[in-house]
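Peer 1: Return a 3D structure for these sequence lines:
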Amino acid sequence: MNKLKVGMISFAHGHAFSYFQALHKLDQVEIVGIADSVKDRVSALIEEHGLAYYADYRELLEQEMDAVVICSENVHHAELTIAAAKKGLHVLCEKPLGISVDEMHEMINVCRDHNVQLMTAFPCRYLASAASAKQAVDQGEIGDIIAIKGTNRGSFPGGWFVEPELSGGGALLDHTVHVMDLMNWIVGSKVDEVFAHAANLFKEGLKTDDAGMINVKFENGVFGTIDTSWSRQSPFPTWGDVTMEIVGTKGVISVDGFAQSNELYSSAAGKGQWSFWGDNMDFYLVKAFVEAIASGQPVPISGEDGLRSAEVALAGYRSVESGQPVKL
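Peer 2: Numbering: from 1, shown residues only. Take a look at the predicted model:
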């Protein structure tokens, strides 16, 4: 069997390292090379695995490949995706898919025009609890959904995440999209209206928001709310959480995405720690991308899925500016 040849563009986002490990574990994949303008970020991987390195992503795109994985700063997602698509390469792009609705539509259209697939990196769909909740809802176990309360409360990311010229937004953009995608997936309806709040509550002097609350109304009448804040401080055992409470007419499902963990107390660490033992959601995300491309099947999380999630966060910023709900 011919191996799927994959290149990686930018390790600016930390997920790139877990995606790399996933690709490396898959026997049907050959990693062609890494492109990153900051060589120090990837020098250890290059040396350990004997990979080709390119300071300019355009040089990587000239190589013989089937697909690329993009984990750049948010502002570069559109440029990199479009360039790869024009070379006939399938794309797995880190979230959020883009920083404007127009550029996300362009990314989707260019990929379609060049007959390549665009997948948005939403690994939370591969959390065991989220997948089980989706199955239970589809089977009617809690009746019709009335509302969903979600959280994606993270720790302060620093770096380019708080530079709006590179990130396109703060916590409201960064942490709406994961749980919003889960809600879209589970509810099966489009968001019709958005009302949001965003502020600086935890770090002084930021150019971006670090706290947010987004409320949505779906076309089918379901209501949703997500706490998107970077509110987890340094003593917290992990970087954050992904939770949902799905309220139905016949029952309620509570989802805690990272509950599969052991509690570890060590004087050496100086604080309690959670040792996660659950399924590796990043591995299953990458595996699903590779299998879809290799078999010619549609990717399970499309560019349209990425658009539907990110446009809610972007509408949230318009709602913050106006102080009013925003129609999509």
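
Peer 1: what are the pairing partners of the least confident helix or strand in the chain by mean pLDDT, and which direction each?
Peer 2: Across the helices and strands of the chain, the lowest-confidence element by mean pLDDT, DSSP states H and E is strand 271-276, at a mean of 78. Under the criterion DSSP bridges, strand 271-276 sits next to strand 261-266 (antiparallel) in its sheet.

Peer 1: Which element is encountered next along the chain beyond the least confident helix or strand of the chain?
Peer 2: helix 281-295 (DSSP states H and E).

Peer 1: residues making contact with the least confident helix or strand of the chain?
Peer 2: For strand 271-276, the surrounding residues in contact (C-beta atoms under 8 Å, 6 or more residues apart in numbering) are Pro235, Pro237, Thr238, Phe258, Gln260, Ser261, Asn262, Glu263, Leu264, Tyr265, Ser266. No exception for glycine: its C-beta is placed from N, CA and C like everyone else's.

Peer 1: give me that answer again for 10 Å
Peer 2: If you take C-beta atoms under 10 Å, 6 or more residues apart in numbering as the criterion, strand 271-276 is touched by 234-238, 258-266.

Peer 1: Stretch 257-266 now?
Peer 2: Counting by C-beta under 10 Å, 6+ apart, the neighbours of stretch 257-266 from elsewhere in the structure are 124, 127-130, 133, 151-152, 178-179, 182, 237-244, 271-279, 281.

Peer 1: let's see 6 Å
Peer 2: The contact list for stretch 257-266, computed with C-beta atoms under 6 Å, 6 or more residues apart in numbering, reads Leu127, Ser129, Val242, Gly272, Gln273, Trp274, Ser275, Phe276, Trp277, Gly278.

Peer 1: Quick check: ChimeraX command selecting the buried ones in those residues.
Peer 2: For anyone working in ChimeraX, the buried entries among those, judged by 16 or more other C-beta atoms under 10 Å, can be selected with:
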select :127,129,242
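
Peer 1: now the contacts of stretch 257-266 as TSV including distance to Met104?
Peer 2: Formatted as TSV, the contacts of stretch 257-266 follow (distance: C-beta to C-beta, whole Å):
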residue	distance to Met104
Leu127	24
Ser129	28
Val242	23
Gly272	40
Gln273	38
Trp274	34
Ser275	37
Phe276	31
Trp277	36
Gly278	31
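
Peer 1: If we only consider the contacts of stretch 257-266, which is nearest to His105?
Peer 2: When those are ranked by distance to His105 (C-beta to C-beta), Val242 comes first, at 27.5 Å.

Peer 1: Walking through the stretch 101-250 of the chain, point out its helices one by one.
Peer 2: Using DSSP state H, counting those that start in this stretch, the helices of the stretch 101-250 of the chain run over residues 101-113, 128-138, 164-167, 171-187.

Peer 1: Tell me which of the ones you listed is the most buried.
Peer 2: When you average the neighbours per residue for each of the helices of the stretch 101-250 of the chain (mean count of other C-beta atoms under 10 Å), helix 171-187 leads with a mean of 26.

Peer 1: Run the chain-centre distance for that one.
Peer 2: The chain centroid and the centroid of helix 171-187 are separated by 9 Å under C-alpha atoms, centre = their mean, to the nearest Å.

Peer 1: Same question for stretch 96-112.
Peer 2: Using C-alpha atoms, centre = their mean, we find the averaged C-alpha position of stretch 96-112 to lie 15 Å away from the chain's own average C-alpha position.

Peer 1: Low-confidence ranges, the stretch 151-300 of the chain, go.
Peer 2: For the stretch 151-300 of the chain, no stretch has pLDDT under 70.

Peer 1: Nearest to Ala288 among the contacts of stretch 257-266?
Peer 2: Leu127 (13.4 Å).

Peer 1: Test my guess that that closest one contacts Met281.
Peer 2: Yes - because the distance of 5.3 Å satisfies C-beta atoms under 6 Å, Leu127 is recorded as touching Met281.

Peer 1: about what we covered before: and the furthest pair within the contacts of strand 271-276?
Peer 2: For the contacts of strand 271-276, the maximum inter-member distance is 23.2 Å, found between Ser234 and Gln260 (C-beta to C-beta).

Peer 1: Who has more neighbours out of these two?
Peer 2: The residue with more neighbours, out of Ser234 and Gln260, is Gln260; 15 against 7, by other C-beta atoms under 10 Å.
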